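Asker: here is my input, please return the structure:
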Amino acid sequence: MGDRTAIEVRVYSCPRDQVAAVLDIVEEYRLEGGPSGGPGRPVRSDHLVLGVGYIRDEISVGSSDDLASELPSTAAWKVWEDPIYQLPGQVHLHHPDLGRFVADCDAFGQPVFTSSQVDDLMAKADGDPIVLHHHTGATWELAFNQLDTVNNGVVLPRDLAASAPLQAVALNQLASGPARWLPPDAPGQTRAARGPGR
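Answerer: The predicted structure is shown next:
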């Protein structure tokens with residue numbers, strides 16, 4: 001059967017045409033919570049609630065890799081599995097403009113680093129906190145916090161006919177204008193910073 005751990009998924013923004021795909025993944029992995037009120041309750045498959053944790057208490061270790069690879073690249077989301085025994089957990093952070101960030105994590109989904117990794121990251125950043133944030137995942141968390149301010153609790157129906165104006169506004173705010181929280185040479189720069197032909 002293999003080792004088991006807990007997993008959580010939070011979606012911070014999702015285009016309307018991808019809501020059904022996300023809900024299918026939530027159902028496939030038998031995640032609980034979301035709009036139905038919390039752990040131990042099945043997910044309502046007709047709605048996706050932004051900023052709410054969808055969890056499963058026991059899943060095979062390493063499942064976060066598979067689940068994260070199935071989530072749409074046009075959505076902003078966080079997936080993490082808890083540490084088990086002496087091993088750290090794993091967190092996957094994704095934003096459409098930043099790409100994907102993967103790191104070891106604690107039980108709260110916060111990236112953790114060894115002292116030698118911190119030394120390497122400090123050397124890469126060369127004293128620039130913006131670059132350091134990009135190498136530690138803090139850039140993604142900042143983007144998620146901005147989306148969460150506008151989107152937390154927004155209910156997106158599976159049905160494409162319904163609208164989701166709040167989440168669209170938040171995503172557009174992040175995608176427009178220069179993103180000052182990104183280093184200029186960061187991998188996965190914002191579309192707005194790249195612009196056509198750059």
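Asker: all helices for the protein, in order.
Answerer: Ranges of helices in the chain, per DSSP state H, are 19-28, 63-70, 115-125, 129-136, 138-151, 165-175, 191-194.
Asker: want to throw these into CSV with mean neighbour count?
Answerer: For the C-beta atoms, the positions are set from N, CA and C on the backbone; glycine is no exception. Formatted as CSV, the helices of the chain follow (neighbours: other Cβ atoms under 10 Å):
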stretch, mean neighbour count
helix 19-28, 18
helix 63-70, 17
helix 115-125, 12
helix 129-136, 18
helix 138-151, 19
helix 165-175, 17
helix 191-194, 13
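Asker: quick one: contacts for Gly89?
Answerer: If you count contacts by Cβ atoms under 8 Å, 6 or more residues apart in numbering, Gly89 has them with Thr5, Ser64, Trp80, Glu81, Asp82, Pro83, Asp104, Cys105, Asp106, Ala107, Gly109.
Asker: closest to Ser116 out of these?
Answerer: Distance to Ser116 across the contacts of Gly89 (Cβ to Cβ) is lowest for Asp104, with 13.0 Å.
Asker: how about the closest one, nearest residue that isn't a chain neighbour?
Answerer: In this structure, Asp104 finds its nearest non-sequential neighbour in Pro88, 3.7 Å apart by Cβ to Cβ, 6 or more residues apart in numbering.
Asker: what's the neighbour count on the one you found?
Answerer: If you count neighbours by other Cβ atoms under 10 Å, Pro88 ends up with 18.
Asker: where in the protein is pLDDT low?
Answerer: 1, 34-44, 161-198 (pLDDT under 70).
Asker: thinking again about what came up before, quick check, nearest of the contacts of Gly89 to Ala20?
Answerer: Nearest to Ala20 among those, with distances taken as Cβ to Cβ, is Ser64, at 21.9 Å.
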